[in-house]
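Trainee: okay, sequence plus prediction incoming.
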Amino acid sequence: IYPKKGVAGNEASSSRFGGSWDYDWSRSPTVASPPQVVFSPQQWNGAAMNTLPQWYPGWHSDPKPTTLFGFNEPDLTGQANMTVASAVSLWPQLQAMDMPLLSPATSWAFGGWLSNYYYQATSIGLRNDYTAVHWYSYPTADSLVSHLQSVYSTWGKPVWLTEFSSGNSGAWSEEGNYTFLAEFLWRAENLPWLRRYGIFCYSQDPPTNPWDQTSPPSAIFKTDGVTFTTLGELYAGWDADQTIRTGTNYIIHNKGSCFRISNPGSAALGTATIYATGSSVQWQLAPAPTTNHYYIVSTTDGTLLNWNGSALSLAPAGTTGGTVEWTYTADSNGYFFIDNPATTTRLALNRLPSGGGAPTFTNLTVAATGTVNDNTRWRFIKPYQPVPLGLSAVAGNAQVILRWNAVAGAASYSIKRATVSGGPYSTIASGITSTSYTDTGLVNNATYYYVVSATNTSGESARSVEACAIPGGQAVNCGGGPGVAWFAGDAYFN
């Protein structure tokens, strides 16, 4: 069973997202998908339908469970621009591909086009296995989940959310985007009829301050098209694991204040905005002697979150006792309460003004155990583990020289090699601390394919984009790196 997370566009970065599927609004990928990623072809509009059968053999020889996407936003003149009658008349040709079919994806599910389409398609027995949804609206998880539930209830078919981002109307901040995305990702895993979701890969620098009410889209990349924004790191780091685990790095993020706990490098605790994602805001849970009690340990220096009855602080590594023992209790939608049983208090983070805007005051403190509000709700967010970029492979005599860009915070790198594009790969070197490696003893005129991963305190990253070379020959173009342009075939954001 494949996980739900995917990507709308930017296939060259698929390996960085840790998702299971992608698409690019066309019948074939711009670059080869990694072995763990399924590419979903699309018949974007009604053009070139006579050539569709040519794709049948390739799609059916692919061992991955491919789904064929129907027409893209046929209700918009700037997109597929099709009448319902035209879509219905052409749909049997998609059915003839003998693949699972995703319905046409309208710009808004309840604008009338999709309802009319389903009425006509059902009346003549056409097959639609899933309903496609695009969603661009004010960023709240409640609104998106309610919309998806309405789509499922209306047409009774499992749903694929193939594009989504904040947009259209209202005023919100990057903090609003962050809260929306974090909550939706968690809730999506608990919707059995929601089979897939893929965020639209906007590239835009985030606002200067995360609380600026500039109504930014949920941009995944900065304007360079390579560097993840904080939202991009959040999306890429999500692995659908809803179990809080010991020995795992987490950002401990507060819902009400939209700040997180930080270790500024002294005995005093600090707080940080959503733009802080490095080791200073990363923590691990370690088992305490009492069952279901835990130490909250800074990954920076091993100090422990401590409440002595009058102040929160960082206790030295190795400290024991009730002041450094905490429990966590699930609330809803991925939030948790963090309590100190010894003092019957609950961790809280207050912010003024509480309604958003530039904060004049933040205060990491405690409230009485049992206090239930957004200032006592916390989320354990796994930080993104950066993937090495810029991998190159240069052939020599019976050898290949590999080079890649350094990853901030990486302790070492692992090199994997295959003789077939996409793998399976075998690890040929690990614990490499430089950003180059020479693979020797190779056969001249044979093609070798390479990927690199980075290891830090959170574990091993996903694999890099593949590079390949032919010893005794020359470097081979295996497809673009993550900076390659992608087809921005669809955007409905005002």
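Mentor: Perfect, thanks for sending it.
Trainee: apart from its neighbours in sequence, what residue is nearest T438?
Mentor: Leaving aside its sequence neighbours, T438 sits nearest to I401 (CB to CB, 6 or more residues apart in numbering; 5.1 Å). For glycine as for every other residue, the C-beta is placed from the backbone atoms N, C-alpha and C.
Trainee: for burial, what's the neighbour tally of that neighbour?
Mentor: Using other CB atoms under 10 Å, I401 is surrounded by 15 other residues.
Trainee: just grab the bridge partners of it for me.
Mentor: Counting by DSSP bridges, I401 forms beta bridges with V394, T438.
Trainee: let's see the pLDDT reported for it.
Mentor: On the pLDDT scale, I401 is placed at 96.
Trainee: pretty sure T179 is in a strand, no?
Mentor: No. Counting by DSSP: H, G, I helix; E, B strand; the rest coil, one finds T179 to be helix, located in no strand.
Trainee: surely it and C258 touch.
Mentor: Yes. Counting by CB atoms under 8 Å, T179 does reach C258; the two are 6.4 Å apart.
Trainee: show me what the mean pLDDT comes to for stretch 214-225.
Mentor: Stretch 214-225 shows a mean pLDDT of 95.
Trainee: quick one: contacts of that stretch?
Mentor: Contact with stretch 214-225 is made by 10, 139, 164-167, 170-174, 177, 180-181, 199-207, 227-229, 231-232, 235, 482-483, 485-486, 493, as judged by CB atoms under 8 Å, 6 or more residues apart in numbering.
Trainee: among the residues you listed, which are located in helices?
Mentor: Counting by DSSP state H, those place E174, N177, F180, L181, L231, G232, Y235 in helices.
Trainee: can you tell me which of those residues is nearest Q93?
Mentor: The nearest member of those to Q93, counting by CB to CB, is Y235 at 34.8 Å.
Trainee: the closest one: what's it in contact with?
Mentor: Y235 touches K5, F17, L181, L185, I199, I220, counting by CB under 8 Å, 6+ apart.
Trainee: what number of residues lie near the third one?
Mentor: Spelled out, that is L181. By other CB under 10 Å, 25 other residues sit near L181.
Trainee: what sits against it?
Mentor: Neighbouring residues of L181 by CB under 8 Å, 6+ apart: P139, I199, S218, L231, L234, Y235.
Trainee: how about 10 Å then?
Mentor: 139, 141, 144, 164-166, 199, 218, 220, 230-232, 234-235, 238 (CB atoms under 10 Å, 6 or more residues apart in numbering).
Trainee: out of those, which is most surrounded?
Mentor: I220 (29 neighbours).
Trainee: name the SS class of the closest residue to I252 other than its chain neighbours, please.
Mentor: Leaving aside its sequence neighbours, I252 sits nearest to I261 (CB to CB, 6+ apart; 4.8 Å). Three-state assignment for I261 (three-state DSSP): strand.
Trainee: that's a strand at A85, yeah?
Mentor: No. The assignment for A85 is helix, going by three-state DSSP, so no strand is present there.
Trainee: that one contacts Q120, correct?
Mentor: Yes. In this structure, A85 is within contact of Q120 by CB atoms under 10 Å, at 7.5 Å.
Trainee: higher neighbour count, the two?
Mentor: Neighbours around A85 and Q120, counted as other CB under 10 Å, are more numerous at Q120. The numbers are 16 against 11.
Trainee: the more buried one belongs to a helix?
Mentor: Yes. Assessed with three-state DSSP, Q120 lies in a helix.
Trainee: now for P316, how many residues are close by?
Mentor: 12.
Trainee: tell me the contacts of it?
Mentor: For P316, the contacting residues are A267, D301, G302, T303, L304, N306, V324, by CB under 10 Å, 6+ apart.
Trainee: got it, and S262?
Mentor: Listed by CB under 10 Å, 6+ apart, the contact set of S262 reads 251-252, 269-273, 276, 278-283, 298, 300, 364.
Trainee: got a pLDDT number for it?
Mentor: The predicted local distance difference test score for S262 is 97.
Trainee: distance of it from A12?
Mentor: S262 sits 33 Å away from A12, taking CB to CB, to the nearest Å as the criterion.
Trainee: kindly export stretch 344-357 (C-alpha atoms) in PDB.
Mentor: Listed in PDB are the C-alpha atoms of stretch 344-357, where the atom choice follows Å, rounded to 0.1, in the frame of the first residue of the first chain:
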ATOM      1  CA  THR A 344       0.300  18.800  38.300                       C
ATOM      2  CA  THR A 345       1.000  21.500  35.700                       C
ATOM      3  CA  ARG A 346       0.700  21.600  31.900                       C
ATOM      4  CA  LEU A 347       3.200  23.200  29.400                       C
ATOM      5  CA  ALA A 348       1.800  26.400  27.800                       C
ATOM      6  CA  LEU A 349       3.100  29.100  25.500                       C
ATOM      7  CA  ASN A 350       1.300  32.400  25.600                       C
ATOM      8  CA  ARG A 351       1.500  35.200  23.000                       C
ATOM      9  CA  LEU A 352       0.300  38.800  22.900                       C
ATOM     10  CA  PRO A 353      -1.600  39.800  20.900                       C
ATOM     11  CA  SER A 354      -3.300  36.500  20.900                       C
ATOM     12  CA  GLY A 355      -5.100  37.100  17.600                       C
ATOM     13  CA  GLY A 356      -2.100  37.200  15.400                       C
ATOM     14  CA  GLY A 357       0.100  40.000  14.100                       C
END
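Trainee: change the start of the numbering to 3 and stick with it
Mentor: Sure thing, new numbering starts at 3, so read that last one as stretch 346-359.
Trainee: mean confidence for it?
Mentor: Here the average pLDDT along stretch 346-359 is 89.
Trainee: list the buried ones in it?
Mentor: Under the neighbour-count criterion of 16 or more other CB atoms under 10 Å, stretch 346-359 has T347, R348, L349, A350, L351, N352, R353, G358 buried.
Trainee: swap in stretch 106-125?
Mentor: Buried residues in stretch 106-125, counted by 16+ other CB under 10 Å: 106-111, 115-116, 118-120, 122-123.
Trainee: report the outermost residue of this structure with respect to its centre.
Mentor: Distance to the chain centre peaks in the chain at N399, reaching 40.4 Å (criterion: CA atoms, centre = their mean).
Trainee: hmm, I472 and that residue touching each other?
Mentor: No. Counting by CB under 10 Å, N399 stays clear of I472, with 11.5 Å between them.
Trainee: now do the shared contacts for these two.
Mentor: With CB under 10 Å, 6+ apart as the test, N399 and I472 both reach L444, N446.
Trainee: hmm, back to that, what is the residue nearest to I254 paired to in the beta sheet?
Mentor: T273.
Trainee: tell me how far it lies from F71.
Mentor: Distance, I263 to F71, by CB to CB: 42 Å.
Trainee: any idea how far K159 lies from Y132?
Mentor: 6 Å.
Trainee: could you pull out the residues contacting both of the two?
Mentor: L104, S105, W195, R197.
Trainee: and those as a markdown table, adding secondary structure and pLDDT?
Mentor: Putting those into a markdown table (DSSP: H, G, I helix; E, B strand; the rest coil; pLDDT from 0 to 100) gives the following:
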| residue | secondary structure | pLDDT |
| --- | --- | --- |
| L104 | strand | 98 |
| S105 | coil | 98 |
| W195 | coil | 98 |
| R197 | strand | 97 |
